[in-house]
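**Student:** Here is my input, please return the structure:
(chains A and B)
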Amino acid sequence: MSALSSSSKSSRSGLFCEGFDLGRLLLEGRAFFALIAIIVIFSMLSPFYFSVSNFLTMSSHVAIFGFLAIGMLLVILNGGIDLSVGSTLGLCGVVAGWLMQGVTVEAAGVILYPPVWAVVLLTLVLGAFVGAINGVLIAYFKVPAFVATLGVMYVARGVALLMTNGLTFNNLAGKPELGNTGFDWLGFNRIANVPIGVIILAVLAISVGLMLSRSSFGRWLYASGGNARAAELSGVPVKRVQIAVYMMSGVCAAIAGLVLSSQLTSAGPTAGTTYELTAIAAVVIGGAALTGGRGTIRGTMLGAFVIGFLSDGLVIIGVSAYWQTVFTGAVIVLAVLLNSIQYKAKPKKS
Amino acid sequence: MNDIPQANPDTQEVVLAARNVAKSYGSVHALKGVNFDIHRGQVTTLFGENGAGKSTLMKVLSGVIQPTTGKIMLDGQPVSFTSSSHAQSLGISIIHQELSLAPNMTVRDNIFLGREIRTPTGVDYAEEERLTRLLMEELEEDIDPLTPVEELRLGQQQIVEIARALSVKSRILIMDEPTSALSATEVEVLFKVIRDLTSRGVSIVYISHHLEEALTITDHAVVLRDGNMTAYAPRAEIDLEWIVRNMVGENFDLGSPPEGYDFGAPALSIQNLTVMDEAGAGFAVVDNLSLDIKAGEIVCIYGLMGAGRTELMETVAGRLSKAGGEVRLHGHEVSHLTIAQRIESGLCLVPEDRQRDGLVQTMSVGQNLSLASIRKFTRGIFTSRKDENQLIEDSIRDVTVKTDGGDAAIGSLSGGNQQKVVIGKMLATHPTVIMLDEPSRGIDIGAKAEVFRLLAERARDGLAVLYSTSEVSECLSIAHRIIVMHKGHISAEFGPDATKEQIMAASGESVAA
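**Tutor:** Sure thing, here's the model as predicted:
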């Protein structure tokens, strides 16, 4: 940060100056170097790891966490936290499954089979609605984000269990005569051999990245996360930003729910349990500060890939699931440790 | 300057001495080489305006912070306090202006917090309670040791603080504005306690804005201004006029009201504005206040802390809601507008605490400067880099921020330059009315002069300026009109030819009473 020269206002010139400080480079690019290290190490340990098809398979696993992590990044940039994303994922998956099975309207005596696009749309609206509940609770009723989203986490999970009575919707393929086929497209199809889920993740990441760096909303988000009082006095609609952020997180969770139930061709009420923690971990590994105001989409994506490639790699080389948990935990603690080192060094005079 | 402290203090007389003590925060010099003696069994009072360095000096003497340079001598021996508890173990206690009590705990538990009387079976509550009762008797306060502190009046809480300091058998007791929350009878009790303590050999360091009151109790007076010790004298040689003269100074020119043009139509018109306190205690912090400011006019609000200046400005800016009255901008009522809409229509506030309310520390200088005018460089859904950089460069030049450029970290700037960023951010919105709450707080005299010059220039172009200050010399600089606020009211109004004594008297600082 101190390497920026005064003579040139363009940020591009900074790239070359930073190369001189290796420690700084390693610290700031740590998620990237961690990912490289993971790929190198597992490629040496297993002959199956380093192949395009394995990377694409792992990437489609990463996509689920990636969606949640993007939403989580927005919330964390705002200085909040969203514990409800895992449950929202589950609820949205179940609702999508329920819609695909056909909705019986008792009064009219008919069963409605909404087309797939309508199912997707309704599910996304549901995700936004759950997020809006979080946002309103936090922005207007001053409920701490941790508590509000914890409550919504339980409620959403409970609703998903009630809807299915604890069972799973298995038949999501639809019927050609009803015109609602194609739900599995999200989870199974590939364009140029790339899974649809990964493509959606890339598109979402790029658009959110653009929103953060180039739109006024992005600037409002960084400002209100960095110092809400200052942002408010500068005319930033702090409360609206807060609600919007939780709604976006809800929509991201809904996308994850759709892609996951499509990948599994089933929608279970317990899907996505503890995924919120993985999403938080991805954001933190990506260098975002839990206090808000600092973090990038690039870092968060790297964080998601670090977690995904690490756990899949451990599976491939046959390490037990218990050890996977230990490794993931250690990586998270290390990441937070490095974050605090980086941000402590920040206010240093240039 | 009479009776300057000796290089080697008389250890019989002087219990604690500071020699050439300086303290800097980055490029901000809060203390610039202060010499200071505390006499055994006597009261030494520190006088100075806000930001003069009084509190910093007290924190240095009580071990809360370490001085950048200089030494502290206790009983003639150089000491270096590692922490406030280290200083406390050497007999130095401080009672801060902001009380440091745990409101949910009882008086007894607060007094023995961290030093509980332990027995093998746990804390000896009975003994603690007995000692607390003794302390309260000594202080002539009827406070039950088992009352939770939050149920006490502010004045009684202050007494609890004092009792806590007494309970550790302090030899030196530092009191930072102990009377600001006390009623007249409580002040009398406090003074009796202070006399009692001094007769037992305890030395008191006393800080107060209430000059007359301090003069009745003090034995020595020390005056600080801008981090320097400007005067030092025993009680017998001083009077109120001497203190004011040394506190305020009369040398530095902060400019004069811009002249040679006519004011325009009223830009901001406040009618019978009433604002209730935020905590909901039911009293008005701004009470039925009316004020008009014309385009091109500079109005200064002078008042002590708690006079309602900040609440007035924050209500006009839209952060606080009013209980009654009207705020009109160019004749249009603004009460229903959001902060953003008020900024859009030309009304903006530079808040008092720039760290808390002015700056986003996680963003760069440029992003801070452009924060309030994002809409101005948004094209469609995206912001325009080119237009933003233009705006940032213009702002940096306009308000003369000394920085490596818009990409520099905001924390890399000095206090004065940070303040200019906050002002520049608001000026970039092209306001017609700007309010500045204590714009000179915590910035050095050179930066102060630059800020005032900037405001005077803008006023000439038709900007209506309302700024507040708690330094009299700043009232008598660029302001065309000086409003003195006291307890939510306007207590007096002066032209630019008022005297310092008149202004201070009207603020309740009771100089000429």
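**Student:** Phi, psi for residue B:82 please.
**Tutor:** phi -90, psi -20 (degrees, to the nearest 10).
**Student:** same question, residue B:153
**Tutor:** Residue B:153 adopts backbone torsions of phi -70, psi 160, taken as degrees, to the nearest 10.
**Student:** burial of residue A:54, as a residue count?
**Tutor:** 18 (other C-beta atoms under 10 Å in any protein chain shown). C-betas here are computed from N, CA, C, even on glycine.
**Student:** Any stretches of the chain with poor pLDDT?
**Tutor:** Because you didn't say which chain, this covers chain A. A:1-21, A:344-350 (pLDDT under 70).
**Student:** Chain B, not that one
**Tutor:** In chain B, residues with pLDDT under 70: B:1-12, B:26-28, B:50-51, B:180-181, B:249-253, B:281, B:442, B:444-445, B:508-513.
**Student:** for the stretch 151-300 of chain B, what spans make up the helices?
**Tutor:** Using DSSP state H, counting those that start in this stretch, the helices of the stretch 151-300 of chain B run over B:154-167, B:184-199, B:211-217, B:240-248.
**Student:** Mind listing what's buried along the second one?
**Tutor:** Looking back up the chat, that one is helix B:184-199. B:186-187, B:189-190, B:193-194, B:197-198 (16 or more other C-beta atoms under 10 Å in any protein chain shown).
**Student:** what helices or strands is that helix leaning on?
**Tutor:** On a contact count with 3 or more C-beta pairs under 8 Å, 6 or more residues apart in numbering or on different chains; DSSP states H and E, helix B:184-199 meets helix B:154-167, strand B:203-207, helix B:211-217.
**Student:** can you rerun that using 7 Å?
**Tutor:** For helix B:184-199, the packing partners by 3 or more C-beta pairs under 7 Å, 6 or more residues apart in numbering or on different chains; DSSP states H and E come out as strand B:203-207, helix B:211-217.
**Student:** ok, now the last one?
**Tutor:** Under the contact criterion of 3+ C-beta pairs under 7 Å, 6+ apart, helix B:240-248 touches helix B:211-217, strand B:220-225, helix B:500-504.
**Student:** ok, and what's touching that helix?
**Tutor:** B:47-49, B:211-212, B:215, B:221, B:223, B:225, B:230-231, B:472-473, B:500-501, B:504, B:511 (C-beta atoms under 7 Å, 6 or more residues apart in numbering or on different chains).
**Student:** Check the first one too.
**Tutor:** By C-beta under 7 Å, 6+ apart, the surrounding residues in contact with helix B:154-167 are B:93, B:95, B:99, B:101, B:107, B:110-111, B:131, B:135-136, B:139, B:141, B:143, B:149, B:152, B:173, B:178, B:181-183, B:186, B:193.
**Student:** between the helices of the stretch 151-300 of chain B, which one is nearest to residue A:189?
**Tutor:** Among the helices of the stretch 151-300 of chain B, the nearest to residue A:189 by C-beta to C-beta is helix B:154-167 (69.1 Å).
**Student:** so how far is the closest one off the chain centroid?
**Tutor:** Using C-alpha atoms, centre = their mean, to the nearest Å, the mean C-alpha position of helix B:154-167 is found 22 Å from that of the whole chain.
**Student:** now do stretch B:366-386
**Tutor:** 34 Å.
**Student:** try stretch A:256-276
**Tutor:** That offset, for stretch A:256-276, works out to 14 Å (C-alpha atoms, centre = their mean).
**Student:** Touching, residue B:447 and residue B:418? I think so.
**Tutor:** No - counting by C-beta atoms under 7 Å, residue B:447 stays clear of residue B:418, with 9.7 Å between them.
**Student:** Quick check: the residue of the stretch 51-200 of chain A found nearest chain B vs residue A:314, distance?
**Tutor:** As assessed by C-beta to the nearest C-beta, chain B sits closest to residue A:77 within the stretch 51-200 of chain A, at 9.6 Å. Residue A:77 sits 30 Å away from residue A:314, going by C-beta to C-beta, to the nearest Å.
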